[in-house]
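Student: sequence and predicted structure below; questions after.
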Amino acid sequence: MHFFNRVRLETPESVELDFTLAGIGNRAYALLIDYIIWSLILLVFIVGSSYFSSQLVSFFSEIIGGKVDLELWFISFQIIITFAIYIGYFVFFETLWRGQTPGKRFIKVRVIRDDGRPARLPQASLRALLRPVDDFVFLGVFLIIFSKREKRLGDWLAGTIVIQEERSVKTANFSLSPEAKNLASQLLLEADLSRLIPEDFAIIREYLQRRKVMTSQAKIEKARYLAYQVKDILALEVIPEQVTATQFLEAVYLAYQQQADEERF
């Protein structure tokens, strides 16, 4: 394994993206944070379920006039729920936050698919279900260290890699319309631009750079396709009527760039 190992992926939009793999250190740090949070959630559940079980035993004991032995049932229930919380924690966050858990978000690493797209529910579920296997005798650590793309077993079967999230934003070498500049200010206030990951931004930038050499029809179709995808990512109800799809993409590009500059400073 080499430090700052990089990979190049091609997205379905035929855009090549370079990524820095997260590395064993960052992944272990993120996992430690997640395990701390998960342990706190589990502790709350155990305390709550123990109190509830004691109250339930007392209730049934009063009804039948004798001691009720439900300890084995409650232990079985706790084991099942503990496993569900363990799996559900990673599935829930990696699906909701597009490949990130609280630990990954803090360390700024992200799970993506082998085609550069964010991980979804199927990938998050496979990774979570195989995590106990990867944790067993440090199998996952061994595979990450000695595999070219630093994949554990869950990554191999889910078709994912873990990358270092980079917020680098290149300066535009194309013009932006006045409509886009006005809408960008509005998006900064109304849209959750954090839902847009760097890979999405790179695809938008690639379209805006290449549009001059595209035919009019191809440019319109591609702009509409990307605009509706971005609208869904940002959880916007509609694309503003007063702008075209291309102007909307320009506005998202500019708003994302401005937000990244503010976070940097």
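Tutor: Cool, got the structure.
Student: so where does V162 fall, helix or strand?
Tutor: Secondary structure from DSSP states H and E places V162 in strand 160-164.
Student: which elements pack onto the following helix or strand past that strand?
Tutor: Downstream of strand 160-164, the first helix or strand assigned by DSSP H and E is helix 178-190. Judged by 3 or more Cβ pairs under 8 Å, 6 or more residues apart in numbering; DSSP states H and E, the packing partners of helix 178-190 are helix 245-264. Every residue, glycine included, has its C-beta placed from N, CA and C.
Student: on that earlier part again, so for the strand holding V162, mean pLDDT?
Tutor: The average of the pLDDT scores along strand 160-164 is 91.
Student: who touches that strand?
Tutor: Contacting residues not belonging to strand 160-164 are listed as 7, 19-23, 26-27, 99, 104, 108-114, 119, 123, 127, 149-151, 154-155 [Cβ atoms under 8 Å, 6 or more residues apart in numbering].
Student: in its sheet, what does that strand sit against?
Tutor: Looking at strand 160-164 with DSSP bridges, its partner strands are strand 16-21 (antiparallel), strand 109-113 (antiparallel).
Student: who does the following helix or strand past the first one touch, helix- and strand-wise?
Tutor: Which is strand 16-21. Remark: after strand 16-21, the chain's next helix or strand is helix 23-64, criterion DSSP H and E. Applying 3+ Cβ pairs under 8 Å, 6+ apart, one finds that helix 23-64 contacts helix 71-96, helix 102-107, strand 109-113, helix 139-146, strand 160-164.
Student: which other helices and strands does the helix or strand where Q217 lies contact?
Tutor: Taking DSSP H and E as the definition, Q217 sits inside helix 216-233. For helix 216-233, the contact count by 3+ Cβ pairs under 8 Å, 6+ apart identifies helix 198-210, helix 245-264 as packing neighbours.
Student: what is the shortest one packed up against?
Tutor: If you count contacts as 3+ Cβ pairs under 8 Å, 6+ apart, helix 198-210 packs onto helix 216-233, helix 245-264.
Student: winner for burial among these?
Tutor: For these, the largest average neighbour count (mean count of other Cβ atoms under 10 Å) is found in helix 245-264, namely a mean of 20.
Student: quick one: average pLDDT of it?
Tutor: In this model, helix 245-264 has an average pLDDT of 82.
Student: going forward can the numbers begin at 34, since that is how I track them
Tutor: Sure, I'll start numbering at 34, so the last one becomes helix 278-297.
Student: from F171, how far out is L216?
Tutor: Distance of L216 to F171, computed by Cβ to Cβ, to the nearest Å: 50 Å.
Student: who has more neighbours, the two?
Tutor: Neighbours were counted for L216 and for F171 using other Cβ atoms under 10 Å; L216 has more, 23 against 11.
Student: state the distance from the nearest residue in space to the more buried one that is not next to it in sequence to Q242.
Tutor: Spatial nearest neighbour of L216, chain neighbours left out: A284 (3.7 Å); criterion: Cβ to Cβ, 6 or more residues apart in numbering. The gap separating A284 from Q242 is 16 Å, by Cβ to Cβ.
Student: go on, Q262?
Tutor: Noted for Q262: a distance of 18 Å to Q242, by Cβ to Cβ.
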